[in-house]
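Novice: got a structure for you, letters missing:
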């Protein structure tokens with residue numbers, strides 16, 4: 001169980017940010033299909049909305065049921081969730097949806113969306129201070145993903161003004177992906193099954209609702225977003 005009583009400030013960032021990302025994804029599908037002159041825009045948008053709501057509802061319910069906290073199971077259910085998230089991100093980014101996003105959505109928008117990681121990291125730091133999240137997952141520990149959030153907002157402005165080229169964006173995207181992988185590895189190493197950072201610094205909060213949306217929505221969006229940006233850069237000259 002979580003040791004600290006939760007406040008509205010503790011959970012609001014883990015509800016509002018995922019909901020905003022969900023809306024952005026559905027809006028992106030609508031925009032991409034519209035710009036592609038597709039006759040199936042309404043259908044594609046509806047499917048995106050239904051699948052997004054279903055995914056968020058399923059992950060919430062699975063976390064609320066306690067299934068993700070069965071750490072002694074082999075394999076642990078949380079490990080299966082992580083694998084599913086990675087597969088979904090790859091499917092979204094490398095499939096038809098990612099292809100249309102890469103061709104139609106402005107590059108500065110694709111980069112700017114990654115700015116959600118700034119308020120996310122601030123919220124995560126608050127959880128760390130309250131003892132709900134282990135300190136190594138905060139920007140005062142081993143998580144440097146806040147740098148991606150800050151730089152994404154700045155770089156998006158530069159791209160929109162024509163002051164950042166393909167090489168700069170590619171380098172930023174590589175570094176951002178590395179920082180994302182870093183925090184994911186730290187989070188996995190912090191689970192009770194591994195406990196690399198000690199039994200007093202365990203990552204269990206993500207197995208509760210609404211915090212399950214951190215990996216299920218926010219990590220998924222960050223990973224898929226980086227992969228889509230790589231695809232988008234193929235349409236620009238160095």
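Specialist: Cool, got the structure. Keep in mind it's a predicted model, so treat the numbers as computed, not measured. Residues are numbered from 1 along each chain as shown.
Novice: following the least confident helix or strand in the chain by mean pLDDT, which helix or strand shows up next?
Specialist: Lowest on mean pLDDT, DSSP states H and E among the helices and strands of the chain sits helix 8-35, with a mean of 92. Using DSSP states H and E, the helix or strand that follows helix 8-35 towards the C-terminus is helix 41-65.
Novice: Pull out the buried residues from the helix or strand following that following helix.
Specialist: Using DSSP H and E, the next helix or strand after helix 41-65 towards the C-terminus is helix 77-94. Buried residues in helix 77-94, counting neighbours by 16 or more other Cβ atoms under 10 Å, are found at 77, 78, 79, 81, 82, 85, 86, 88, 89, 92, 93. For every residue, glycine as well, the C-beta is placed using N, CA and C.
Novice: How far off centre is helix 77-94?
Specialist: 11 Å (Cα atoms, centre = their mean, to the nearest Å).
Novice: ok, residues contacting that helix?
Specialist: Residues outside helix 77-94 that contact it (Cβ atoms under 8 Å, 6 or more residues apart in numbering): 55, 59, 62, 67-71, 98, 184, 188, 191, 193, 206-207, 212, 215-216, 219-220, 223-228, 231.
Novice: And those, which of them are buried?
Specialist: 55, 59, 62, 68-69, 71, 98, 184, 188, 191, 206-207, 212, 215-216, 219-220, 223-228, 231.
Novice: Can you tell me which of the buried residues of helix 77-94 lies closest to residue 143?
Specialist: Taking Cβ to Cβ as the measure, residue 143 lies nearest residue 82 of the buried residues of helix 77-94, at 16.7 Å.
Novice: Could you check the pLDDT of the closest one?
Specialist: Turning to residue 82, the model gives it a pLDDT of 98.
Novice: Likewise for the one 4 residues further on?
Specialist: Per-residue confidence at residue 86 stands at 98 (pLDDT).
Novice: Equivalent analysis for residue 71, please.
Specialist: 96.
Novice: show me what contacts it?
Specialist: Neighbours of residue 71 in contact, by Cβ under 8 Å, 6+ apart: 78, 191, 192, 193.
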